[in-house]
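Undergrad: okay, here's the prediction I keep looking at, along with the sequence it came from:
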Amino acid sequence: MNVLVVGNGGREHALTWRLRQSPLVERLYATRPNAGQAALCEAVDLSPTDVAGLVAFADRSDIGLTVVGPEAPLAAGLADALRAAGRRVVGPGAAGARLESSKAFSKDFMVRHGIPTAASRTFDDAGAALAHLEQAPYPLVLKADGLAAGKGVAICPDRAAAVAWIQEVMQAGRFGAAGGRVVVEQFLAGEEVSVIVLTDGRRVVALPTSQDHKARDDGDRGPNTGGMGAYSPAPVVTPALWERIRHEVLDRSLAGLAADGIDFRGFLYAGLMIVNGDPYVLEYNVRLGDPETQQLLLRLASDLVPWLVGCADGALPAGQPEWDPRPAACVVLASGGYPEAISTGHPIHGLDAPFPEGVVFHAGTRREGATVVNSGGRVLGVTALGTDLPRALEHAYARVRGISFEGGFCRSDIGHKALKHLEPR
C-alpha cells in the first residue's frame, strides 16, 4: 500500500524509518521531510495542517494509510476529513484531540471520569488569575490552555515568577490565542513516566514505558522544552504500579472517551507523575511522544504496519507486538538558544560515521546542496540500544561526541533517575 506520514520532526523520522522496513509499504511519502526522512521517502510539499490539500493528495496518490505525527493537524480535523473521504488514518478526530489541544478540557475530562490528577483551576481572565496567585501555594504549575509546541508550561517557584508568566502569556500574548486561557495547577513532586498506548477505540495495546526529560538543563533545571532525551523502559514502573496505571488511568480514560461518544483511534499518551508510589496524570497527548518514539520504535521487533492498519480499521490484531528486550536511550542535540530564539543554518558534521548500536534520527534539519544544516530547535535524536541502560546511554553519548554544529548542545545526564533505581541497594 501507499503510506503517508504527516510531519517532519524526530518522531516522524522514526516512523518513516520503521515504515520503510515493512514489506507491506509500496510508496512512502512525508510532508516536507527533514534531511533524514528525505532519504527514505518521497516529499509532499504540503503543510501538515493543510487539511484540504492532504485529503486531495491522499485521493490522488491512492494513500492506503496516513499516520499523523504532530498534534496540530489532529486538532484541525485532519483525521475527520480523511475518514470522511474513506481513507485509513491513525489519529483521533478533533473531538478526541481536545485532550491535548485544550488543557482545560483535559482537566475536566479527568475529574469527571475519576482519573487521578493534580488539583487545578482554570482562568480566562488575567485579573482573576493574578488575584488567585496572591494566595496560591508555591511552587505551582501554569499551563497555556491551547497548543504551544511543548513550551506552554511553566513551573513557578514563587508569586513573582507566576505573575510574570501570566503577564507575558495572558496579557502580552506570547502564545497568541493558545494563552488566552490558563490552567493553574498544584505542583507534584515525584518521577515522570510516559505511558503510550495504541487503541482502536475498544482495545488497547500498550507500548513499553519510557521517561522523557523536559527541562533543558542538567539536573532538571532551566525552561521546559519539547524533550531533551528519553529512555525505555522506566524502572520506576514496577509490575504492581503498572496494574494501578492500567486500571486507574488507561481503563478509565478509554471508558471516559466511550462514555463521551468520542471515537478515538490512534495513540494516546499519558504523561504521569509518580508521587510516593501513586500515579497522577499531568497531561494527555493524542499522538506518539517525541523523543519517546525514537527509542520505542528502535525497540520494536514487529512489523508496525499491521498494527497501524488495525488501529485505523477499528480492529487491532490479536496478541501483542514483539519488543527487543534491550533498553534504549535517546539524547537530543539542540540548537543554541533553544527553546527561545535559536541559531540555525549551521552545517552539521559527523553524521556519516557508522553507528551499529542505533540510529541518529533527524528533527530540525534540512539539506542545502550536499550539506545538512540545523533548521529547528531540536536537531537530532541520537538513539541507541544496549545490553542494559548504562550501556545504551554509553553508546548514545559516544555517538553524540562525534557530531557537532555551531551552538549545538545536549543534556549530559539523560537517564540519571533510572540509574539510581538500578543501583544495588
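TA: Received it, and whenever you're ready, just let me know what you need. Numbers count the residues shown, from 1 in each chain.

Undergrad: which residue packs closest to residue 288, ignoring adjacent ones?
TA: residue 267 (4.9 Å; Cβ to Cβ, 6 or more residues apart in numbering). Backbone N, C-alpha and C define where each C-beta goes, glycine included.

Undergrad: what sits against that neighbour?
TA: The contact partners of residue 267, by Cβ atoms under 8 Å, 6 or more residues apart in numbering, come to 90, 91, 196, 197, 198, 199, 285, 286, 287, 288.

Undergrad: try residue 201
TA: Residue 201 touches 257, 258, 263, 264, 265, 314, counting by Cβ under 8 Å, 6+ apart.

Undergrad: out of these, who's nearest residue 411?
TA: Comparing the contacts of residue 201 against residue 411 with Cβ to Cβ picks out residue 264 as the nearest, at 33.1 Å.

Undergrad: and the gap between that closest one and residue 270?
TA: 13 Å (Cβ to Cβ, to the nearest Å).

Undergrad: how about residue 236?
TA: 14 Å.

Undergrad: equivalent analysis for residue 280, please.
TA: For residue 280, the distance to residue 270 - Cβ to Cβ - is 10 Å.

Undergrad: repeat for residue 81
TA: Taken as Cβ to Cβ, the span from residue 81 to residue 270 is 27 Å.

Undergrad: list the residues that contact the residue lying closest to residue 409 once chain neighbours are set aside.
TA: What sits nearest to residue 409 in space, not counting adjacent residues and going by Cβ to Cβ, 6+ apart, is residue 334, at 6.0 Å. Contacts for residue 334 were tallied using Cβ under 8 Å, 6+ apart; they are 216, 225, 228, 377, 378, 379, 408, 409, 410.

Undergrad: what helices and strands are in contact with the helix or strand containing residue 294?
TA: According to DSSP states H and E, residue 294 maps onto helix 292-299. On a contact count with 3 or more Cβ pairs under 8 Å, 6 or more residues apart in numbering; DSSP states H and E, helix 292-299 meets helix 10-20, strand 191-199, strand 229-232, strand 328-334, strand 358-362, strand 378-385.

Undergrad: what's the second one in contact with?
TA: Just to be clear, that refers to strand 191-199. With Cβ under 8 Å, 6+ apart as the criterion, strand 191-199 contacts 204-207, 209-212, 214, 230, 234, 236-237, 245, 249-250, 254, 264-274, 279, 282, 288-289, 292, 296, 307-308, 311, 316, 417.

Undergrad: now list the buried members of these.
TA: 204-207, 209-212, 214, 230, 234, 236-237, 245, 249-250, 254, 264-274, 279, 282, 288-289, 292, 296, 307-308, 311, 316, 417 (16 or more other Cβ atoms under 10 Å).

Undergrad: closest one of the contacts of residue 201 to residue 128?
TA: Of all the contacts of residue 201, residue 257 has the smallest distance to residue 128: 30.7 Å, by Cβ to Cβ.

Undergrad: distance of residue 89 from residue 389?
TA: From residue 89 over to residue 389 (counting by Cβ to Cβ), the distance is 35 Å.

Undergrad: more neighbours, those two?
TA: residue 89 (28 against 22; other Cβ atoms under 10 Å).

Undergrad: so what's that one up against?
TA: Counting by Cβ under 8 Å, 6+ apart, residue 89 has contacts 65, 66, 67, 68, 78, 79, 82, 83, 312.

Undergrad: what's the local residue count around the residue nearest to the fourth one when sequence neighbours are not counted?
TA: Among residues not flanking residue 68 along the chain, residue 91 sits closest, at 3.8 Å (Cβ to Cβ, 6+ apart). Taking other Cβ under 10 Å as the neighbour definition, residue 91 ends up with a count of 29.

Undergrad: can you check residue 367 too?
TA: 16.

Undergrad: any idea which helix or strand carries it?
TA: strand 365-368.

Undergrad: beyond that strand, next helix or strand please.
TA: strand 371-374.

Undergrad: got the buried residues for that following strand?
TA: 372, 373, 374.

Undergrad: between the residues you listed, which is closest to residue 168?
TA: For these, the nearest to residue 168 is residue 374 (26.8 Å; Cβ to Cβ).

Undergrad: give the partner strands of the strand holding residue 367 in its sheet and their orientations.
TA: Sheet pairing for strand 365-368, assigned by DSSP bridges, gives strand 371-374 (antiparallel).

Undergrad: helices along the stretch 1-150 of the chain, start to end?
TA: Taking DSSP state H, counting those that start in this stretch, the helices of the stretch 1-150 of the chain run over residues 10-20, 35-38, 51-60, 71-75, 78-84, 94-101, 103-112, 126-133.

Undergrad: ugh, typo on my part, it should be the stretch 151-300 of the chain
TA: So, for the stretch 151-300 of the chain - with DSSP H, counting those that start in this stretch - the helices run 159-166, 239-244, 252-259, 292-299.

Undergrad: out of these, which is the most enclosed?
TA: A comparison of the helices of the stretch 151-300 of the chain by mean neighbour count, using mean count of other Cβ atoms under 10 Å, puts helix 292-299 on top with a mean of 28.
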